[in-house]
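**Q** Quick one, structure for this:
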Amino acid sequence: MKLKKGDLVQVMMGKDKGKTGKIERVLPAKDAVVVEGLNLYKKHVKGFGQGQTSEIKVFARPFPASKVALVDPKTKKPTRVGFATEKNEKVRKAKKSGQTL
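**A** Numbers count the residues shown, from 1 in each chain. Below you'll find the model as predicted:
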């Protein structure tokens with residue numbers, strides 16, 4: 001997977017289209033990412049027993065990795081990710097500016 005935790009991404013489709021945020025968690029088995037503050041949903045939880053109360057929990061659902069694009073650090077626009085070797089190290093590079101990520 002070309003995306004990593006902490007990368008700044010922009011949502012390309014869906015209800016949060018155009019918004020940006022940092023990747024909070026990467027789920028390679030599902031090919032999905034969780035972006036902090038985006039794709040939020042509410043879940044109503046019923047309280048059980050005498051001491052617990054009902055509450056509404058807000059949580060972030062994962063985005064498919066194909067629906068987000070990495071933001072180029074130089075141009076601040078969405079870009080694709082490529083790989084190159086520098087000093088016998090595999091590095092990620094932005095396709096638009098060629099800057100190392």
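**Q** From now on I want contacts and neighbour counts done on CA atoms only, so please keep to that.
**A** Will do.
**Q** Go ahead and name everything in contact with stretch 55-72.
**A** 3, 7-13, 30-47, 77-81, 94, 96-97 (Cα atoms under 8 Å, 6 or more residues apart in numbering).
**Q** let's see 7 Å
**A** Contacts with stretch 55-72, where a contact means Cα atoms under 7 Å, 6 or more residues apart in numbering, come from 8-13, 31-34, 38-46, 77-80, 94.
**Q** Narrow those to those in strands?
**A** Judged by DSSP state E, strands contain the following of the contacts of stretch 55-72: 8-11, 32-34, 40-45, 78-79, 94.
**Q** got the contact list for V26?
**A** With contact taken as Cα under 7 Å, 6+ apart, V26 is in contact with 4-5, 32-34.
**Q** which residues does it bridge with?
**A** Legend: beta-bridge partners of V26 under DSSP bridges are V33.
**Q** now K57
**A** K57 has these beta-bridge partners by DSSP bridges: K43.
**Q** what about D7, distance to G47?
**A** Counting by Cα to Cα, to the nearest Å, the separation of D7 from G47 is 37 Å.
**Q** what's the answer for P78, then?
**A** In terms of Cα to Cα, P78 sits 43 Å off from G47.
**Q** So those two - more neighbours on which side?
**A** Set P78 next to G47 and count neighbours by other Cα atoms under 10 Å: P78 wins out with 22 against 11.
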